[in-house]
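Participant: quick one: sequence plus predicted model below, questions after.
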Amino acid sequence: MFKFLTLLQREIKSYFYAPTAYIVLCFFLILTGFNFHMGVTLLTQGRSEVTVVEAFFNSVPFWIGFIIIFPPITMRLFSEEFKMGTMETLMTAPVRDWQVVLSKFGGALFFYVIVWLPSFLYFVIFERIAGAEAAHAAGAYFGSYLLLLLVGCFFLSIGCFASVLTQNQIVAAVMTFSVISLFFFGGLVTFFSPNLSPMLREMVGYVSTIEHMSEFSKGIIDSRRIVFYGSATLFMLLLTHQAFQYRRWKP
Amino acid sequence: MIKVEHLTKRYAGFTAIEDLNFEVEKGEIVGFLGPNGAGKSTTMRILSSYMPPTSGRASIAGYDLFHQSMEARRHLGYMPESVPLYTEMRVEEYLRYRASIKEITGRRQRERIGDVLALCSLQEVEHRIIGTLSKGYRQRVGLADALLHSPDLLILDEPTAGLDPNQIRQVRELIRNLGRHHTILLSTHILPEVEMTCQRVVIINRGHIEAADTPENLVNQMQAAGGITLEIKPGEEEALAFLKTVPGVREVVTGPKEAGWEAYTLRTDAGADPREELWRLASDRRWPVRELSRRRATLEDVFVELTCGDEI
(Lines give C-alpha, C1' and ligand atoms only; values in the text may rest on other atoms or scores of the structure.)
Protein backbone atom coordinates (compact mmCIF):
# COMPACT_ATOMS: atom_id res chain seq x y z
CA MET A 1 0.00 0.00 0.00
CA PHE A 2 2.84 2.35 0.88
CA LYS A 3 4.45 1.70 -2.47
CA PHE A 4 1.17 2.34 -4.24
CA LEU A 5 0.84 5.68 -2.47
CA THR A 6 4.39 6.63 -3.42
CA LEU A 7 3.66 5.82 -7.05
CA LEU A 8 0.36 7.69 -6.90
CA GLN A 9 2.05 10.72 -5.40
CA ARG A 10 4.55 10.81 -8.23
CA GLU A 11 1.81 10.48 -10.83
CA ILE A 12 -0.08 13.39 -9.32
CA LYS A 13 3.03 15.53 -9.03
CA SER A 14 4.08 14.74 -12.57
CA TYR A 15 0.98 16.57 -13.88
CA PHE A 16 2.14 19.77 -12.31
CA TYR A 17 5.73 19.52 -13.55
CA ALA A 18 4.53 20.11 -17.09
CA PRO A 19 2.74 23.20 -18.42
CA THR A 20 -0.02 21.04 -19.93
CA ALA A 21 -1.79 20.85 -16.58
CA TYR A 22 -1.98 24.61 -16.20
CA ILE A 23 -3.14 25.09 -19.77
CA VAL A 24 -5.90 22.51 -19.30
CA LEU A 25 -6.95 24.09 -16.01
CA CYS A 26 -7.04 27.60 -17.48
CA PHE A 27 -8.92 26.51 -20.55
CA PHE A 28 -11.41 24.79 -18.35
CA LEU A 29 -11.99 27.71 -16.08
CA ILE A 30 -12.72 29.91 -19.07
CA LEU A 31 -15.01 27.38 -20.68
CA THR A 32 -17.00 26.52 -17.58
CA GLY A 33 -17.16 30.17 -16.59
CA PHE A 34 -18.59 31.05 -19.98
CA ASN A 35 -20.97 28.13 -19.78
CA PHE A 36 -22.18 29.17 -16.35
CA HIS A 37 -22.64 32.73 -17.49
CA MET A 38 -24.70 31.51 -20.42
CA GLY A 39 -26.88 29.37 -18.17
CA VAL A 40 -27.58 32.23 -15.78
CA THR A 41 -28.28 34.69 -18.59
CA LEU A 42 -30.77 32.28 -20.09
CA LEU A 43 -32.58 32.04 -16.79
CA THR A 44 -32.69 35.77 -16.10
CA GLN A 45 -34.36 36.25 -19.45
CA GLY A 46 -36.95 33.86 -18.12
CA ARG A 47 -36.82 31.75 -21.22
CA SER A 48 -36.15 28.47 -19.58
CA GLU A 49 -37.92 26.03 -17.36
CA VAL A 50 -34.76 24.37 -16.10
CA THR A 51 -32.57 25.07 -13.08
CA VAL A 52 -29.06 26.52 -13.23
CA VAL A 53 -27.53 23.12 -12.56
CA GLU A 54 -29.49 21.52 -15.39
CA ALA A 55 -28.60 24.35 -17.73
CA PHE A 56 -24.94 24.05 -16.79
CA PHE A 57 -24.62 20.31 -17.25
CA ASN A 58 -26.67 19.98 -20.40
CA SER A 59 -25.26 22.68 -22.63
CA VAL A 60 -23.11 22.39 -25.74
CA PRO A 61 -20.01 24.15 -24.29
CA PHE A 62 -20.14 21.77 -21.32
CA TRP A 63 -20.06 18.70 -23.56
CA ILE A 64 -17.35 20.08 -25.80
CA GLY A 65 -15.13 20.76 -22.82
CA PHE A 66 -16.05 17.48 -21.27
CA ILE A 67 -14.95 15.24 -24.12
CA ILE A 68 -11.81 17.06 -25.19
CA ILE A 69 -10.34 17.06 -21.72
CA PHE A 70 -9.60 13.33 -21.58
CA PRO A 71 -6.87 12.93 -24.22
CA PRO A 72 -4.50 15.51 -22.67
CA ILE A 73 -4.96 13.96 -19.24
CA THR A 74 -4.27 10.37 -20.21
CA MET A 75 -2.09 10.44 -23.33
CA ARG A 76 1.25 10.59 -21.54
CA LEU A 77 0.56 8.10 -18.74
CA PHE A 78 2.24 5.04 -20.21
CA SER A 79 3.41 6.28 -23.61
CA GLU A 80 5.88 8.73 -22.15
CA GLU A 81 7.48 6.18 -19.85
CA PHE A 82 7.82 3.65 -22.64
CA LYS A 83 9.33 6.28 -24.92
CA MET A 84 11.76 7.66 -22.33
CA GLY A 85 12.73 4.18 -21.15
CA THR A 86 11.85 5.02 -17.56
CA MET A 87 9.47 2.07 -17.67
CA GLU A 88 12.55 -0.11 -17.51
CA THR A 89 13.82 1.41 -14.27
CA LEU A 90 10.32 1.45 -12.85
CA MET A 91 9.52 -2.17 -13.60
CA THR A 92 12.86 -3.52 -12.41
CA ALA A 93 12.15 -2.09 -8.96
CA PRO A 94 10.04 -4.34 -6.75
CA VAL A 95 6.66 -2.96 -7.83
CA ARG A 96 3.76 -4.97 -9.18
CA ASP A 97 2.11 -4.33 -12.52
CA TRP A 98 -1.30 -3.61 -11.01
CA GLN A 99 0.24 -1.06 -8.66
CA VAL A 100 1.60 0.84 -11.64
CA VAL A 101 -1.65 0.64 -13.60
CA LEU A 102 -3.79 1.72 -10.65
CA SER A 103 -1.45 4.53 -9.62
CA LYS A 104 -1.52 5.95 -13.13
CA PHE A 105 -5.28 5.74 -13.27
CA GLY A 106 -5.52 7.21 -9.79
CA GLY A 107 -3.26 10.10 -10.71
CA ALA A 108 -5.37 10.88 -13.78
CA LEU A 109 -8.56 10.70 -11.72
CA PHE A 110 -7.13 13.05 -9.13
CA PHE A 111 -6.28 15.61 -11.77
CA TYR A 112 -9.72 15.19 -13.35
CA VAL A 113 -11.35 15.92 -10.00
CA ILE A 114 -9.18 19.03 -9.57
CA VAL A 115 -10.30 20.24 -12.98
CA TRP A 116 -13.99 20.01 -12.03
CA LEU A 117 -13.72 21.22 -8.46
CA PRO A 118 -13.92 24.98 -9.17
CA SER A 119 -17.19 24.57 -11.04
CA PHE A 120 -18.92 23.63 -7.81
CA LEU A 121 -17.96 27.01 -6.41
CA TYR A 122 -20.03 28.70 -9.13
CA PHE A 123 -23.20 27.27 -7.68
CA VAL A 124 -22.23 28.16 -4.12
CA ILE A 125 -21.48 31.71 -5.13
CA PHE A 126 -24.64 31.91 -7.20
CA GLU A 127 -26.81 30.87 -4.25
CA ARG A 128 -25.05 33.33 -1.98
CA ILE A 129 -25.39 36.29 -4.29
CA ALA A 130 -28.68 35.64 -6.08
CA GLY A 131 -30.35 34.26 -3.01
CA ALA A 132 -32.06 31.78 -5.29
CA GLU A 133 -31.54 28.06 -5.50
CA ALA A 134 -29.42 26.71 -8.34
CA ALA A 135 -31.13 23.35 -8.15
CA HIS A 136 -34.38 22.04 -6.79
CA ALA A 137 -32.70 19.61 -4.43
CA ALA A 138 -29.31 18.61 -3.14
CA GLY A 139 -29.75 15.41 -5.13
CA ALA A 140 -29.24 17.35 -8.33
CA TYR A 141 -25.78 18.44 -7.24
CA PHE A 142 -24.99 15.01 -5.99
CA GLY A 143 -26.32 13.33 -9.13
CA SER A 144 -24.50 15.66 -11.50
CA TYR A 145 -21.15 15.33 -9.82
CA LEU A 146 -21.57 11.60 -9.27
CA LEU A 147 -22.20 11.08 -12.94
CA LEU A 148 -19.30 13.36 -13.79
CA LEU A 149 -17.09 11.12 -11.67
CA LEU A 150 -18.47 7.87 -13.06
CA VAL A 151 -18.21 8.90 -16.69
CA GLY A 152 -14.81 10.38 -15.90
CA CYS A 153 -13.58 7.05 -14.53
CA PHE A 154 -14.78 5.23 -17.62
CA PHE A 155 -13.32 7.68 -20.13
CA LEU A 156 -10.05 7.92 -18.20
CA SER A 157 -9.71 4.16 -18.22
CA ILE A 158 -10.18 4.23 -22.00
CA GLY A 159 -7.37 6.80 -22.10
CA CYS A 160 -5.16 4.56 -19.96
CA PHE A 161 -5.72 1.69 -22.32
CA ALA A 162 -4.90 3.79 -25.38
CA SER A 163 -1.74 5.08 -23.74
CA VAL A 164 -0.47 1.63 -22.85
CA LEU A 165 -0.75 0.55 -26.48
CA THR A 166 1.68 3.04 -28.00
CA GLN A 167 4.85 5.00 -27.38
CA ASN A 168 3.44 7.91 -29.29
CA GLN A 169 1.41 10.33 -27.21
CA ILE A 170 -0.36 11.81 -30.23
CA VAL A 171 -1.52 8.37 -31.32
CA ALA A 172 -2.73 7.69 -27.78
CA ALA A 173 -4.62 11.00 -27.73
CA VAL A 174 -6.29 10.38 -31.09
CA MET A 175 -7.28 6.85 -30.08
CA THR A 176 -8.76 8.08 -26.82
CA PHE A 177 -10.68 10.84 -28.51
CA SER A 178 -12.02 8.51 -31.20
CA VAL A 179 -13.32 5.90 -28.79
CA ILE A 180 -14.82 8.48 -26.43
CA SER A 181 -16.50 10.26 -29.35
CA LEU A 182 -17.93 6.96 -30.52
CA PHE A 183 -19.58 6.43 -27.16
CA PHE A 184 -20.63 10.01 -26.88
CA PHE A 185 -22.10 10.58 -30.31
CA GLY A 186 -23.50 7.05 -30.38
CA GLY A 187 -25.98 8.32 -27.82
CA LEU A 188 -27.16 11.02 -30.21
CA VAL A 189 -28.48 8.51 -32.72
CA THR A 190 -31.92 8.60 -31.12
CA PHE A 191 -32.18 12.33 -31.81
CA PHE A 192 -31.27 11.99 -35.45
CA SER A 193 -33.32 8.94 -36.37
CA PRO A 194 -36.64 9.03 -34.49
CA ASN A 195 -38.02 5.83 -36.07
CA LEU A 196 -35.59 3.53 -34.31
CA SER A 197 -36.95 0.22 -33.02
CA PRO A 198 -37.70 0.36 -29.28
CA MET A 199 -35.15 -2.31 -28.46
CA LEU A 200 -32.37 -0.46 -30.28
CA ARG A 201 -33.49 2.76 -28.65
CA GLU A 202 -33.15 1.19 -25.24
CA MET A 203 -29.75 -0.21 -26.08
CA VAL A 204 -28.46 3.16 -27.23
CA GLY A 205 -30.00 4.74 -24.15
CA TYR A 206 -28.00 2.41 -22.01
CA VAL A 207 -24.72 3.90 -23.21
CA SER A 208 -25.86 7.45 -23.99
CA THR A 209 -23.96 9.74 -21.66
CA ILE A 210 -26.01 12.79 -22.68
CA GLU A 211 -29.28 11.15 -21.66
CA HIS A 212 -27.76 9.98 -18.39
CA MET A 213 -26.65 13.47 -17.58
CA SER A 214 -30.06 14.95 -18.19
CA GLU A 215 -31.48 12.42 -15.69
CA PHE A 216 -28.78 12.82 -13.08
CA SER A 217 -28.74 16.63 -13.19
CA LYS A 218 -32.44 16.54 -12.28
CA GLY A 219 -31.48 14.47 -9.27
CA ILE A 220 -32.73 11.17 -10.64
CA ILE A 221 -30.02 8.69 -9.69
CA ASP A 222 -30.33 5.49 -11.65
CA SER A 223 -28.36 2.54 -10.30
CA ARG A 224 -28.16 0.96 -13.78
CA ARG A 225 -25.87 3.82 -14.85
CA ILE A 226 -23.68 3.35 -11.80
CA VAL A 227 -23.30 -0.34 -12.56
CA PHE A 228 -22.65 0.35 -16.23
CA TYR A 229 -19.89 2.92 -15.72
CA GLY A 230 -18.40 1.05 -12.77
CA SER A 231 -18.11 -2.25 -14.59
CA ALA A 232 -16.96 -0.61 -17.82
CA THR A 233 -14.16 1.15 -15.92
CA LEU A 234 -13.12 -2.08 -14.27
CA PHE A 235 -13.12 -3.87 -17.59
CA MET A 236 -10.97 -1.22 -19.24
CA LEU A 237 -8.50 -1.26 -16.34
CA LEU A 238 -8.21 -5.04 -16.56
CA LEU A 239 -7.60 -4.70 -20.27
CA THR A 240 -4.95 -2.05 -19.56
CA HIS A 241 -3.26 -4.36 -17.10
CA GLN A 242 -3.21 -7.20 -19.62
CA ALA A 243 -1.90 -4.98 -22.40
CA PHE A 244 0.74 -3.57 -20.07
CA GLN A 245 2.05 -7.03 -19.32
CA TYR A 246 1.84 -8.06 -22.93
CA ARG A 247 3.85 -5.04 -24.09
CA ARG A 248 6.78 -6.08 -21.96
CA TRP A 249 6.32 -9.79 -22.36
CA LYS A 250 5.45 -10.09 -26.01
CA PRO A 251 7.41 -12.79 -27.81
CA MET B 1 24.90 -14.99 -7.63
CA ILE B 2 23.66 -15.21 -11.22
CA LYS B 3 22.80 -18.53 -12.75
CA VAL B 4 21.69 -18.65 -16.37
CA GLU B 5 20.55 -21.92 -17.90
CA HIS B 6 19.60 -22.47 -21.53
CA LEU B 7 18.29 -18.94 -21.83
CA THR B 8 16.66 -18.19 -25.18
CA LYS B 9 14.81 -15.08 -26.31
CA ARG B 10 13.07 -14.89 -29.65
CA TYR B 11 11.39 -11.81 -30.98
CA ALA B 12 9.00 -12.03 -33.87
CA GLY B 13 11.18 -13.26 -36.68
CA PHE B 14 14.59 -13.32 -35.06
CA THR B 15 16.47 -14.88 -32.21
CA ALA B 16 18.21 -12.42 -29.92
CA ILE B 17 19.92 -14.96 -27.70
CA GLU B 18 20.02 -18.71 -27.93
CA ASP B 19 20.80 -21.30 -25.28
CA LEU B 20 22.90 -19.06 -23.07
CA ASN B 21 24.58 -20.68 -20.08
CA PHE B 22 26.81 -18.94 -17.59
CA GLU B 23 27.28 -18.29 -13.92
CA VAL B 24 28.57 -15.37 -11.94
CA GLU B 25 29.96 -16.08 -8.49
CA LYS B 26 29.44 -13.86 -5.50
CA GLY B 27 31.95 -11.03 -5.34
CA GLU B 28 33.02 -11.20 -8.98
CA ILE B 29 33.17 -8.31 -11.43
CA VAL B 30 32.24 -9.78 -14.76
CA GLY B 31 32.50 -7.96 -18.08
CA PHE B 32 29.85 -8.79 -20.63
CA LEU B 33 31.19 -8.06 -24.09
CA GLY B 34 29.89 -8.30 -27.58
CA PRO B 35 29.31 -6.23 -30.73
CA ASN B 36 26.15 -4.15 -31.06
CA GLY B 37 23.13 -6.36 -31.50
CA ALA B 38 24.84 -9.41 -30.02
CA GLY B 39 22.18 -9.79 -27.34
CA LYS B 40 23.85 -8.09 -24.38
CA SER B 41 21.02 -5.74 -23.53
CA THR B 42 18.44 -8.46 -24.10
CA THR B 43 20.24 -10.71 -21.62
CA MET B 44 20.51 -7.89 -19.10
CA ARG B 45 16.85 -7.01 -19.48
CA ILE B 46 15.90 -10.59 -18.81
CA LEU B 47 18.20 -10.74 -15.78
CA SER B 48 16.63 -7.56 -14.43
CA SER B 49 13.13 -9.13 -14.75
CA TYR B 50 12.05 -6.49 -17.24
CA MET B 51 11.05 -9.16 -19.72
CA PRO B 52 10.80 -12.92 -19.57
CA PRO B 53 12.86 -15.28 -21.73
CA THR B 54 11.20 -17.40 -24.41
CA SER B 55 12.66 -20.48 -22.77
CA GLY B 56 15.27 -21.44 -20.24
CA ARG B 57 15.66 -20.15 -16.71
CA ALA B 58 17.74 -17.74 -14.72
CA SER B 59 18.08 -16.91 -11.07
CA ILE B 60 19.58 -14.12 -9.01
CA ALA B 61 20.82 -14.76 -5.46
CA GLY B 62 18.96 -18.05 -5.58
CA TYR B 63 15.62 -16.51 -6.56
CA ASP B 64 14.06 -17.63 -9.79
CA LEU B 65 13.44 -14.61 -12.02
CA PHE B 66 10.06 -15.77 -13.15
CA HIS B 67 8.54 -17.30 -10.04
CA GLN B 68 10.17 -15.10 -7.39
CA SER B 69 10.56 -11.94 -9.40
CA MET B 70 9.86 -9.57 -6.50
CA GLU B 71 12.54 -11.17 -4.29
CA ALA B 72 15.01 -11.22 -7.16
CA ARG B 73 14.39 -7.51 -7.82
CA ARG B 74 15.04 -6.70 -4.19
CA HIS B 75 18.55 -8.11 -4.58
CA LEU B 76 19.32 -6.36 -7.80
CA GLY B 77 20.46 -2.87 -8.76
CA TYR B 78 20.03 -2.24 -12.46
CA MET B 79 21.15 0.61 -14.65
CA PRO B 80 19.73 0.43 -18.18
CA GLU B 81 21.74 1.43 -21.20
CA SER B 82 20.45 4.96 -21.78
CA VAL B 83 20.07 5.76 -18.05
CA PRO B 84 16.42 6.78 -18.19
CA LEU B 85 15.48 9.21 -15.42
CA TYR B 86 12.53 11.44 -14.63
CA THR B 87 14.15 14.57 -15.96
CA GLU B 88 11.67 16.92 -14.33
CA MET B 89 12.55 15.84 -10.80
CA ARG B 90 15.38 17.03 -8.59
CA VAL B 91 18.20 14.64 -7.79
CA GLU B 92 17.42 14.24 -4.14
CA GLU B 93 13.68 14.07 -4.79
CA TYR B 94 14.21 11.37 -7.39
CA LEU B 95 16.35 9.30 -5.04
CA ARG B 96 13.75 9.65 -2.29
CA TYR B 97 11.07 8.43 -4.66
CA ARG B 98 13.19 5.51 -5.80
CA ALA B 99 14.09 4.61 -2.23
CA SER B 100 10.41 4.54 -1.27
CA ILE B 101 9.43 2.16 -4.04
CA LYS B 102 12.41 0.01 -3.12
CA GLU B 103 11.00 -0.26 0.40
CA ILE B 104 13.60 1.91 2.12
CA THR B 105 11.91 4.32 4.47
CA GLY B 106 12.40 6.60 7.45
CA ARG B 107 15.83 7.06 8.91
CA ARG B 108 17.39 4.38 6.76
CA GLN B 109 16.19 6.25 3.69
CA ARG B 110 17.96 9.43 4.77
CA GLU B 111 21.11 7.51 5.57
CA ARG B 112 21.17 5.61 2.31
CA ILE B 113 20.50 8.70 0.21
CA GLY B 114 23.33 10.49 2.02
CA ASP B 115 25.59 7.51 1.39
CA VAL B 116 24.92 7.16 -2.32
CA LEU B 117 25.14 10.91 -2.89
CA ALA B 118 28.59 10.85 -1.32
CA LEU B 119 29.65 7.65 -3.06
CA CYS B 120 28.73 8.98 -6.48
CA SER B 121 29.96 12.54 -5.72
CA LEU B 122 26.56 14.05 -6.27
CA GLN B 123 26.31 16.32 -3.23
CA GLU B 124 26.86 19.50 -5.20
CA VAL B 125 23.97 18.79 -7.58
CA GLU B 126 21.63 17.34 -4.97
CA HIS B 127 19.01 20.07 -5.48
CA ARG B 128 19.36 20.50 -9.23
CA ILE B 129 16.71 19.35 -11.69
CA ILE B 130 17.91 16.17 -13.39
CA GLY B 131 17.06 17.54 -16.84
CA THR B 132 19.67 20.28 -16.44
CA LEU B 133 22.50 17.93 -15.51
CA SER B 134 25.29 16.84 -17.82
CA LYS B 135 25.51 13.29 -19.11
CA GLY B 136 28.18 12.39 -16.59
CA TYR B 137 26.07 13.49 -13.67
CA ARG B 138 23.00 11.71 -15.00
CA GLN B 139 25.02 8.54 -15.32
CA ARG B 140 25.97 8.90 -11.69
CA VAL B 141 22.39 9.56 -10.64
CA GLY B 142 21.48 6.30 -12.38
CA LEU B 143 24.25 4.53 -10.55
CA ALA B 144 23.23 6.09 -7.24
CA ASP B 145 19.71 4.82 -7.83
CA ALA B 146 20.99 1.31 -8.56
CA LEU B 147 22.97 1.38 -5.30
CA LEU B 148 20.22 2.76 -3.06
CA HIS B 149 19.05 -0.50 -1.56
CA SER B 150 22.65 -1.84 -1.30
CA PRO B 151 21.85 -4.75 -3.62
CA ASP B 152 23.97 -7.88 -3.70
CA LEU B 153 24.13 -7.70 -7.45
CA LEU B 154 24.63 -4.76 -9.78
CA ILE B 155 23.83 -5.03 -13.47
CA LEU B 156 25.19 -2.07 -15.41
CA ASP B 157 24.50 -1.75 -19.11
CA GLU B 158 27.28 0.36 -20.60
CA PRO B 159 27.94 2.50 -17.55
CA THR B 160 30.59 4.57 -19.31
CA ALA B 161 28.84 5.19 -22.64
CA GLY B 162 29.01 8.82 -23.66
CA LEU B 163 31.32 9.99 -20.90
CA ASP B 164 34.55 11.93 -21.37
CA PRO B 165 37.87 10.27 -20.44
CA ASN B 166 37.99 11.84 -16.98
CA GLN B 167 34.48 10.75 -16.18
CA ILE B 168 35.23 7.27 -17.49
CA ARG B 169 38.16 7.11 -15.09
CA GLN B 170 35.95 8.18 -12.19
CA VAL B 171 33.24 5.66 -13.02
CA ARG B 172 35.83 2.91 -13.46
CA GLU B 173 37.32 3.75 -10.08
CA LEU B 174 33.86 3.75 -8.56
CA ILE B 175 33.04 0.36 -10.05
CA ARG B 176 36.27 -1.10 -8.81
CA ASN B 177 35.51 0.13 -5.29
CA LEU B 178 31.98 -1.19 -5.48
CA GLY B 179 33.38 -4.57 -6.45
CA ARG B 180 34.57 -5.03 -2.88
CA HIS B 181 31.02 -5.34 -1.59
CA HIS B 182 28.91 -6.14 -4.62
CA THR B 183 28.80 -8.63 -7.41
CA ILE B 184 28.85 -6.74 -10.69
CA LEU B 185 27.88 -7.65 -14.23
CA LEU B 186 28.69 -4.85 -16.64
CA SER B 187 28.64 -4.48 -20.37
CA THR B 188 30.86 -2.10 -22.27
CA HIS B 189 32.60 -1.48 -25.57
CA ILE B 190 35.74 -0.10 -24.00
CA LEU B 191 38.00 -3.10 -23.78
CA PRO B 192 40.98 -1.70 -21.87
CA GLU B 193 38.46 -0.86 -19.21
CA VAL B 194 37.40 -4.47 -18.93
CA GLU B 195 41.01 -5.57 -18.62
CA MET B 196 41.44 -3.09 -15.80
CA THR B 197 38.27 -3.74 -13.84
CA CYS B 198 36.91 -7.19 -14.55
CA GLN B 199 38.02 -10.50 -13.13
CA ARG B 200 36.19 -12.43 -15.78
CA VAL B 201 34.72 -11.74 -19.19
CA VAL B 202 31.89 -13.32 -21.10
CA ILE B 203 32.02 -12.63 -24.82
CA ILE B 204 28.77 -13.01 -26.68
CA ASN B 205 28.19 -12.85 -30.41
CA ARG B 206 24.96 -13.28 -32.35
CA GLY B 207 23.22 -14.65 -29.31
CA HIS B 208 25.83 -17.25 -28.45
CA ILE B 209 28.59 -17.24 -25.86
CA GLU B 210 31.94 -17.33 -27.66
CA ALA B 211 34.21 -17.34 -24.64
CA ALA B 212 34.07 -17.01 -20.87
CA ASP B 213 37.32 -16.77 -18.94
CA THR B 214 39.65 -14.36 -17.18
CA PRO B 215 41.07 -11.63 -19.43
CA GLU B 216 44.62 -13.03 -18.94
CA ASN B 217 43.69 -16.52 -20.06
CA LEU B 218 41.88 -15.23 -23.08
CA VAL B 219 44.83 -13.11 -24.07
CA ASN B 220 47.30 -15.95 -23.54
CA GLN B 221 45.32 -18.21 -25.81
CA MET B 222 45.53 -15.51 -28.39
CA GLN B 223 49.30 -14.99 -28.45
CA ALA B 224 49.26 -15.65 -32.17
CA ALA B 225 47.33 -12.52 -32.79
CA GLY B 226 49.97 -10.41 -31.14
CA GLY B 227 52.56 -10.22 -33.87
CA ILE B 228 56.07 -8.88 -34.19
CA THR B 229 57.16 -5.62 -35.71
CA LEU B 230 60.47 -5.68 -37.53
CA GLU B 231 62.14 -2.77 -39.26
CA ILE B 232 65.30 -3.47 -41.26
CA LYS B 233 67.42 -2.09 -44.10
CA PRO B 234 67.99 -5.09 -46.33
CA GLY B 235 69.72 -3.11 -49.09
CA GLU B 236 69.43 -4.84 -52.48
CA GLU B 237 68.29 -8.16 -51.03
CA GLU B 238 64.78 -9.57 -51.09
CA ALA B 239 64.05 -9.87 -47.36
CA LEU B 240 60.54 -11.22 -47.58
CA ALA B 241 61.51 -14.72 -48.72
CA PHE B 242 64.10 -15.01 -45.93
CA LEU B 243 61.68 -13.88 -43.23
CA LYS B 244 59.17 -16.48 -44.26
CA THR B 245 61.65 -19.27 -43.65
CA VAL B 246 62.11 -18.41 -39.96
CA PRO B 247 60.47 -21.10 -37.83
CA GLY B 248 57.37 -19.90 -35.97
CA VAL B 249 56.51 -17.19 -38.49
CA ARG B 250 53.14 -17.81 -39.99
CA GLU B 251 52.59 -14.77 -42.12
CA VAL B 252 54.53 -11.69 -43.15
CA VAL B 253 52.84 -8.40 -43.95
CA THR B 254 54.90 -5.77 -45.71
CA GLY B 255 54.67 -2.32 -44.21
CA PRO B 256 55.78 1.11 -45.44
CA LYS B 257 59.23 1.75 -46.91
CA GLU B 258 61.21 4.81 -45.99
CA ALA B 259 64.70 5.67 -47.28
CA GLY B 260 65.76 2.04 -47.54
CA TRP B 261 64.12 1.02 -44.28
CA GLU B 262 61.46 -1.62 -44.64
CA ALA B 263 58.86 -2.40 -41.99
CA TYR B 264 57.29 -5.83 -41.63
CA THR B 265 54.61 -7.16 -39.36
CA LEU B 266 54.95 -10.86 -38.64
CA ARG B 267 52.17 -13.06 -37.37
CA THR B 268 53.42 -16.01 -35.40
CA ASP B 269 52.18 -19.46 -34.49
CA ALA B 270 50.55 -19.85 -31.11
CA GLY B 271 53.10 -19.68 -28.31
CA ALA B 272 56.05 -19.13 -30.66
CA ASP B 273 58.47 -16.25 -30.15
CA PRO B 274 60.92 -16.14 -33.08
CA ARG B 275 62.52 -12.80 -32.16
CA GLU B 276 65.89 -14.36 -31.43
CA GLU B 277 65.97 -16.16 -34.80
CA LEU B 278 64.94 -12.99 -36.54
CA TRP B 279 67.78 -11.05 -34.96
CA ARG B 280 70.23 -13.81 -35.89
CA LEU B 281 69.00 -13.81 -39.48
CA ALA B 282 69.39 -10.05 -39.70
CA SER B 283 72.88 -10.07 -38.25
CA ASP B 284 73.94 -12.96 -40.53
CA ARG B 285 72.75 -11.06 -43.58
CA ARG B 286 74.21 -7.83 -42.18
CA TRP B 287 70.88 -5.98 -42.27
CA PRO B 288 70.76 -3.02 -39.93
CA VAL B 289 67.83 -3.41 -37.49
CA ARG B 290 65.96 -0.35 -36.28
CA GLU B 291 63.09 -2.04 -34.52
CA LEU B 292 62.32 -5.52 -33.32
CA SER B 293 59.43 -5.64 -30.93
CA ARG B 294 56.61 -7.84 -29.95
CA ARG B 295 53.14 -6.44 -29.44
CA ARG B 296 51.30 -8.29 -26.73
CA ALA B 297 47.86 -9.44 -27.70
CA THR B 298 45.13 -7.43 -26.03
CA LEU B 299 41.57 -8.19 -25.21
CA GLU B 300 40.74 -6.21 -28.31
CA ASP B 301 42.46 -8.82 -30.47
CA VAL B 302 40.51 -11.54 -28.71
CA PHE B 303 37.30 -9.64 -29.20
CA VAL B 304 37.93 -8.98 -32.88
CA GLU B 305 38.99 -12.56 -33.52
CA LEU B 306 35.95 -14.01 -31.80
CA THR B 307 33.27 -11.66 -32.99
CA CYS B 308 34.32 -10.53 -36.46
CA GLY B 309 34.77 -13.99 -37.93
CA ASP B 310 33.73 -14.04 -41.54
CA GLU B 311 31.86 -10.80 -41.60
CA ILE B 312 34.69 -8.48 -42.53
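Facilitator: Done, it's in.

Participant: and for the residue in the stretch 151-300 of chain B that chain A sits nearest to, the neighbour number?
Facilitator: Taking CB to the nearest CB as the measure, the stretch 151-300 of chain B has B:Ile155 as its residue closest to chain A, at 8.8 Å. C-betas here are computed from N, CA, C, even on glycine. B:Ile155 has 26 neighbouring residues, counting by other CB atoms under 10 Å in any protein chain shown.

Participant: now do the contacts for it.
Facilitator: Applying CB atoms under 8 Å, 6 or more residues apart in numbering or on different chains to B:Ile155 gives the contacts B:Met44, B:Leu47, B:Ser48, B:Leu76, B:Gly77, B:Tyr78, B:Met79, B:Ile184, B:Leu185, B:Leu186.

Participant: phi, psi for it please.
Facilitator: phi -120, psi 120 (degrees, to the nearest 10).

Participant: and it, bridged to which residues?
Facilitator: B:Tyr78, B:Leu185 (DSSP bridges).

Participant: turn the contacts of B:Ile155 into a markdown table, columns for neighbour count and pLDDT.
Facilitator: Listed next are those as a markdown table, based on neighbours: other CB atoms under 10 Å in any protein chain shown; pLDDT from 0 to 100:
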| residue | neighbour count | pLDDT |
| --- | --- | --- |
| B:Met44 | 23 | 91 |
| B:Leu47 | 25 | 91 |
| B:Ser48 | 25 | 90 |
| B:Leu76 | 27 | 92 |
| B:Gly77 | 27 | 92 |
| B:Tyr78 | 25 | 93 |
| B:Met79 | 27 | 93 |
| B:Ile184 | 25 | 92 |
| B:Leu185 | 27 | 92 |
| B:Leu186 | 25 | 90 |
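
Participant: could I get those as CSV with distance to A:Gln169?
Facilitator: Compiled in CSV, those are given as follows (distance: CB to CB, whole Å):
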residue, distance to A:Gln169
B:Met44, 27
B:Leu47, 30
B:Ser48, 26
B:Leu76, 30
B:Gly77, 30
B:Tyr78, 26
B:Met79, 26
B:Ile184, 36
B:Leu185, 34
B:Leu186, 33
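
Participant: what is the nearest of those to B:Val302?
Facilitator: Proximity of the contacts of B:Ile155 to B:Val302 (CB to CB) peaks at B:Leu186, which lies at 17.5 Å.

Participant: what are the boundaries of the helices in chain B?
Facilitator: For chain B, helices defined by DSSP state H occupy the ranges B:40-47, B:69-74, B:91-101, B:106-119, B:135-147, B:165-178, B:191-197, B:215-221, B:223-226, B:239-245, B:275-284, B:299-308.

Participant: weakest of those helices by average pLDDT?
Facilitator: Among the helices of chain B, helix B:223-226 carries the lowest mean pLDDT, at a mean of 57.

Participant: what's around residue 169, how many residues?
Facilitator: As the question left the chain open, I've gone with chain A. For A:Gln169, using other CB under 10 Å, the count is 19.

Participant: hmm, no, I was thinking of chain B.
Facilitator: Neighbours of B:Arg169 under the rule other CB under 10 Å: 14.

Participant: now swap in B:Val91 and tell me
Facilitator: The burial count for B:Val91: 27, using other CB under 10 Å.

Participant: do A:Ile68 as well
Facilitator: 16.

Participant: just the pLDDT at it, thanks.
Facilitator: We have a pLDDT of 88 for A:Ile68.

Participant: rebuild the helices of chain B as CSV, extending it with distance to chain A.
Facilitator: CSV is the format used below for these (distance: least, CB to the nearest CB, whole Å):
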stretch, distance to chain A
helix B:40-47, 7
helix B:69-74, 4
helix B:91-101, 4
helix B:106-119, 11
helix B:135-147, 7
helix B:165-178, 18
helix B:191-197, 23
helix B:215-221, 28
helix B:223-226, 37
helix B:239-245, 54
helix B:275-284, 51
helix B:299-308, 26
